[in-house]
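Student: what's the 3D shape of this:
(chains A and B)
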2 protein chains.
Amino acid sequence: MIVLKIGGSVITAKERPMTAREEEIGRIAEEIASSRVRRLVLVHGGGSFGHPLAKQYGIGEGYRSEAQLLGVSRIHGAMATLNRMVVEALTALGVPAIGVSPSSFIVADGGRMGPVDLAIILGLVDKGMIPVLYGDIVLDRSMGFSIISGDQLASRLSVELKASRLLFGVDVDGVYTSNPKLAPEARLIERLPLSKLKGILMVGEALTTDVTGGMLGKVSEASRAAEAGIEVLIFNAMKPENIYRALRGEDVRGTLILR
Amino acid sequence: MIVLKIGGSVITAKERPMTAREEEIGRIAEEIASSRVRRLVLVHGGGSFGHPLAKQYGIGEGYRSEAQLLGVSRIHGAMATLNRMVVEALTALGVPAIGVSPSSFIVADGGRMGPVDLAIILGLVDKGMIPVLYGDIVLDRSMGFSIISGDQLASRLSVELKASRLLFGVDVDGVYTSNPKLAPEARLIERLPLSKLKGILMVGEALTTDVTGGMLGKVSEASRAAEAGIEVLIFNAMKPENIYRALRGEDVRGTLILR
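Tutor: Sure, this is the predicted structure:
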């Protein structure tokens, strides 16, 4: 089983709210279809469908009042709409994909997913379908509502489904020594051992300043899967053929997180 | 708590595949919004979004081969798309509605819903949201996949959530002595006691020939809720103000199923 997470920044135009990159979605669907990988769970992020609304309704600072309820509606709705686009691109190519809605079966506690029953996800995969999940806003026992990122979801699914590999497709080549979008001297870290990673995450140095916050969160989630013995690769999903190659187990430039 | 089921024939054009009646959806959303009923769970049917695809892929006769997997994708996808329209009509009016995907948390056995955990539905209602569910294609322990009708779902939800009332909004005034669309002498049955109903359902007479198959199935599902002591009303949701009045507990012409 492979869990593939596609970043929101890959499938949406981050600077324009509620704007999907339909051509990218189509290309990604084609790469997944042509890879012919069957035991696959797909997770996608929200990008410009999720973040601007989450900010508008102050969901990031926690759920505090009923005035935010409409925000819950709108955030989930936007994510469900983006999910329909991703799933439809796959089914149009004959891939039996099916949207699975995180908020319909996951309850969080303090922003972390609580115990989940993955019998349906596993049942769908066993039948030959590709479940497609997404970052979502869910009920939270202590916070009312909270956002479960696609990264957290993908990492948790990979652990509980005992996946062999967890692939994070993002809009850069992997984890860099500094932010590659700002610093020309940035160098790709091709192999990142957990031992080194833990230090970085604990003291908050290097990666905190060197990569985007999104990358730090991603690496933190990724480390949980790596600890469980899952092969974790962060790679560039904007580059054509990379998703196809990663799914096929071929060499792809990126950052391998090592136990 | 009220469970309101809106028939697929009310919100879609039955004779035209994948065609929503957007004006009706908007009107229904307005009636729900103006009723100000809060503890409400909404369920809608599929109409021309669900039935033609189910027929095309032979899902009604059971799931038999992988060739039907794409049908599962397409049926769920069409229903999820219709659900987005219903939910969006509500949120556009400021109603904090949220789509809940039955196939993401329900497994069936022989075409009937298995045990379900309704903590999320109840949690959403407790927070002040209106969950919106729909007839869906779900994993089935014995059949592979099966379709759980909006009627079955609404009836089951009303029982498990201990709803006070279960309202079925359809495209006729209620249960008739014969099919009102064919027989001009048809007379509305305003009060239908369970005692009379059981005989009818068992011998398959009267209602089988007198009303549409859809109505027979609906009455059969409705009777399970009535047996549990829930007030069940079948009424015409095409007539403006009826949904508003039914939600407010005002008199509405229709068929009351009595224990």
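Student: Any idea which helix or strand in chain A has the lowest mean pLDDT?
Tutor: helix A:207-210 (a mean of 40; mean pLDDT, DSSP states H and E).
Student: Surely A:I257 touches A:A222?
Tutor: Yes. Shown here, A:I257 and A:A222 form a contact pair, counting by CB atoms under 8 Å, at 5.2 Å. (Each C-beta comes from the backbone N, C-alpha and C, glycine too.)
Student: List the residues that are in contact with both of these two.
Tutor: By CB atoms under 8 Å, 6 or more residues apart in numbering or on different chains, A:I257 and A:A222 have these common neighbours: A:V232, A:I234.
Student: coming back round to it: past the least confident helix or strand of chain A, which element shows up next along the chain?
Tutor: Toward the C-terminal end, the helix or strand that comes next after helix A:207-210 (DSSP states H and E) is helix A:213-227.
Student: So which elements touch that following helix?
Tutor: helix A:150-160, strand A:165-170, helix A:194-203, helix A:207-210, strand A:231-236, strand A:254-258 (3 or more CB pairs under 8 Å, 6 or more residues apart in numbering or on different chains; DSSP states H and E).
Student: then it to CSV, C-alphas only?
Tutor: The C-alpha coordinates for helix A:213-227 follow below in CSV (Å, rounded to 0.1, in the frame of the first residue of the first chain):
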residue,chain,number,x,y,z
GLY,A,213,6.6,26.7,7.9
GLY,A,214,4.6,24.3,5.7
MET,A,215,7.7,22.3,5.2
LEU,A,216,8.5,22.2,8.9
GLY,A,217,5.0,20.9,9.7
LYS,A,218,5.3,18.4,6.9
VAL,A,219,8.7,17.1,8.1
SER,A,220,7.3,16.8,11.6
GLU,A,221,4.3,14.7,10.4
ALA,A,222,6.6,12.7,8.1
SER,A,223,8.9,11.8,10.9
ARG,A,224,6.0,10.0,12.7
ALA,A,225,5.6,7.7,9.7
ALA,A,226,9.4,7.2,9.3
GLU,A,227,9.6,6.2,13.0
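Student: starting at the chain centroid, how far to stretch A:142-154?
Tutor: Taking CA atoms, centre = their mean, to the nearest Å, one finds stretch A:142-154 lying 12 Å from the centre of the chain it belongs to.
Student: One more: stretch A:138-156?
Tutor: 12 Å.
Student: Which positions in that stretch come out as buried?
Tutor: Under the neighbour-count criterion of 16 or more other CB atoms under 10 Å in any protein chain shown, stretch A:138-156 has A:138-140, A:143-156 buried.
Student: same question, stretch A:5-14
Tutor: Of the residues in stretch A:5-14, those buried (16+ other CB under 10 Å) are A:K5, A:I6, A:G7, A:G8, A:S9, A:V10, A:I11, A:T12, A:K14.
Student: Reformat these into TSV and put distance to A:V43 and secondary structure next to each item.
Tutor: What follows is the buried residues of stretch A:5-14, written out as TSV (distance: CB to CB, whole Å; DSSP: H, G, I helix; E, B strand; the rest coil):
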residue	distance to A:V43	secondary structure
A:K5	5	strand
A:I6	7	strand
A:G7	10	coil
A:G8	11	helix
A:S9	14	helix
A:V10	12	helix
A:I11	12	helix
A:T12	15	strand
A:K14	18	coil
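Student: follow-up on the earlier one: please identify which of the helices and strands packed on helix A:213-227 is closest to chain B.
Tutor: helix A:150-160 (13.0 Å; CB to the nearest CB).
Student: hang on, the earlier thing: in the buried residues of stretch A:5-14, find the pair that's most separated.
Tutor: A:K5 and A:K14 (16.4 Å; CB to CB).
Student: related to what we said a few turns ago, return only those of the buried residues of stretch A:138-156 found close to chain B.
Tutor: A:L139, A:G144, A:F145 (CB under 8 Å from any CB of the partner chain).
Student: tell me the mean pLDDT for the helix or strand hosting the first one?
Tutor: Under the criterion of DSSP H and E, A:L139 resides in strand A:136-140. Here strand A:136-140 scores 97 as its mean pLDDT.
Student: Counting by contacts, list what it packs against.
Tutor: helix A:69-91, strand A:108-109, strand A:144-148, helix B:119-127.
Student: Can you check what angle separates it from helix A:69-91?
Tutor: Note on geometry: by axes from the mean of the first three to the mean of the last three CA atoms, to 10 degrees, strand A:136-140 and helix A:69-91 are set 130 degrees apart in direction.
Student: how about the helix or strand containing A:E30: buried residues?
Tutor: According to DSSP H and E, A:E30 maps onto helix A:22-35. By 16+ other CB under 10 Å, the buried positions in helix A:22-35 come out as A:E24, A:I25, A:R27, A:I28, A:A29, A:E30, A:E31, A:I32, A:A33, A:S35.
Student: Contact partners for the fourth one?
Tutor: Neighbour list for A:I28: A:I6, A:V10, A:I11, A:V86, A:A89, A:G169, A:A237, A:I243 [criterion: CB under 8 Å, 6+ apart].
Student: Columns distance to A:D126 and pLDDT on top of these, output as a markdown table?
Tutor: Converted to a markdown table, these look like this (distance: CB to CB, whole Å; pLDDT from 0 to 100):
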| residue | distance to A:D126 | pLDDT |
| --- | --- | --- |
| A:I6 | 23 | 98 |
| A:V10 | 28 | 96 |
| A:I11 | 27 | 97 |
| A:V86 | 22 | 98 |
| A:A89 | 24 | 98 |
| A:G169 | 25 | 97 |
| A:A237 | 27 | 98 |
| A:I243 | 23 | 98 |
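Student: Closest one to A:G58 out of those, please.
Tutor: A:I11 (25.1 Å).
Student: count of residues packed around A:E15?
Tutor: Burial of A:E15 is recorded as 7 neighbouring residues (other CB atoms under 10 Å in any protein chain shown).
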